[in-house]
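Visitor: with the input below, show me the fold.
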Amino acid sequence: MSSDFKIDPTLVVDFLIEWMATKDERKRMLEKIIKKSIDQLSEREKKEHIAREGKKYWEKLTQVLPERTFRIWKVLDKALTKYYELLLSRQKLIDETGELHTQNEELKKLLNQYLQINH
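Guide: Modelled structure (predicted):
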């Protein structure tokens, strides 16, 4: 059985010499490609980690207070709001009392003036 396909032995030797000469360069290029893909993977992982940590941060921020503490603060807020309204009402009554006291003093003076004239 004879083969019609023949390769020149000098070409094979030249190819092998070139292959061995560029072996280190190919190895460096392959290492560079692998390192780049690892760096990209690392960058992607870093971004994913940052995104996960950011998500955790914002979730924790929405739950700064435990539910029980939040309910207590809510009840306290309602009670203090009512107390504030009561204080405002009391202040209004104190102001009215002061005005009535002033009017009463003016009326006393007028009454005394009237009594002194008619006496």
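Visitor: domain boundaries for the protein, per the record?
Guide: Structural domains assigned to the chain are 7-64, 66-119, following automatic domain parsing.
Visitor: worst mean pLDDT among the ones you listed?
Guide: Mean pLDDT is lowest for domain 7-64 out of these, coming in at a mean of 79.
Visitor: quick one on the thing from earlier: now the domains of the chain in TSV, with mean neighbour count?
Guide: Any C-beta I mention is one placed from the backbone N, CA and C, and that applies to glycine too. Converted to TSV, those look like this (neighbours: other Cβ atoms under 10 Å):
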stretch	mean neighbour count
domain 7-64	10
domain 66-119	10
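Visitor: check the gap between residue 88 and residue 99 for me.
Guide: 17 Å (Cβ to Cβ, to the nearest Å).
Visitor: what's the answer for residue 57, then?
Guide: Taking Cβ to Cβ, one finds residue 57 at 56 Å from residue 99.
Visitor: now do the SS call for the most centrally placed residue in the chain.
Guide: For the chain, the residue nearest the mean C-alpha position is residue 58 (4.9 Å; Cα atoms, centre = their mean). For residue 58, the assignment made with DSSP: H, G, I helix; E, B strand; the rest coil gives helix.
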